[in-house]
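Visitor: structure here, sequence nowhere to be found:
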C-alpha cells in the first residue's frame with residue numbers, strides 16, 4: 001500500500017502555486033455600498049446611519065496613539081511591519097464584511113423575485129404580524145451593508161494612518177512564491193518516502 005502511494009505521489013506533477021488576488025482597499029470599495037447607497041439603506045430600512053468620517057478619524061487616532069506608545073521600545077522597521085499587519089487585518093475584515101453583504105443582497109434578490117412569480121403555489125406573505133422571508137432577507141442585507149460600510153471606514157482610517165506614520169502607501173502583503181521543486185528534489189522526496 002505504501003509503495004502504491006509513493007508511486008502515485010512520484011508520478012503526479014507538482015501543483016502550480018495558487019495565486020490569490022491581494023485584498024486592497026480599492027477592492028473593498030468595489031464591494032461595499034457607496035455613501036449614497038449607505039444613506040439609502042439607512043432611510044429605507046429605518047437603520048442608524050454610519051458616520052463614515054467619525055469612524056475613519058477614530059481609527060486613524062487609534063493607530064497614531066498606538067504607534068506613539070510603541071515608539072520608544074519598537075524601532076522604525078519593526079513598527080512598520082507591525083502596522084502593515086494590523087492594517088492588513090482591518091482591510092481583510094472589511095473585505096469579509098463586504099463579501100458577506102454582496103452574498104446577502106443576492107439571497108434577498110432571489111427571495112424577492114420568487115415572490116413576484118405569479119405561478120408559484122406557496123403563500124406570498126408571512127404569517128400575520130410577521131415579515132415574509134424575503135422582507136427579513138432584505139433587512140438583513142441592509143444591516144450587512146451598513147456593517148460593511150462602517151468597516152470600510154475603519155479600514156480607510158487605518159490605511160490613512162499607515163501613510164501618515166510611515167510615509168509610504170499601504171500595500172497588502174503578498175507572500176513570495178516558492179520555487180517549484182526540481183526533478184531531483186522530487187526524486188529525493190519519492191526515495192525518502194519509499195524508505196519510510
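Guide: Alright, I've got the coordinates. Since this is a predicted model, take the numbers as computed values, not measurements. Residues are numbered from 1 along each chain as shown.
Visitor: now do the helices in this structure.
Guide: Secondary structure of the chain (DSSP state H): helices located at 2-11, 25-31, 35-45, 52-70, 76-116, 133-166, 183-195.
Visitor: what about those helices, which gets the closest to residue 176?
Guide: For these, the distance to residue 176 is smallest for helix 76-116, at 15.2 Å, taking Cβ to Cβ. Every C-beta, even on glycine, is put in place using the N, C-alpha and C of the backbone.
Visitor: now the helices of the chain as TSV including mean pLDDT and distance to residue 173?
Guide: Converted to TSV, the helices of the chain look like this (pLDDT from 0 to 100; distance: least, Cβ to Cβ, whole Å):
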stretch	mean pLDDT	distance to residue 173
helix 2-11	52	31
helix 25-31	96	14
helix 35-45	96	29
helix 52-70	96	17
helix 76-116	93	6
helix 133-166	96	12
helix 183-195	76	27
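Visitor: most tightly surrounded among those?
Guide: helix 133-166 (a mean of 21; mean count of other Cβ atoms under 10 Å).
Visitor: quick one: that one to helix 76-116, angle?
Guide: With axes from the mean of the first three to the mean of the last three Cα atoms, to 10 degrees applied, the angle from helix 133-166 to helix 76-116 works out at 160 degrees.
Visitor: show me what helix 133-166 is packed against.
Guide: helix 25-31, helix 35-45, helix 52-70, helix 76-116 (3 or more Cβ pairs under 8 Å, 6 or more residues apart in numbering; DSSP states H and E).
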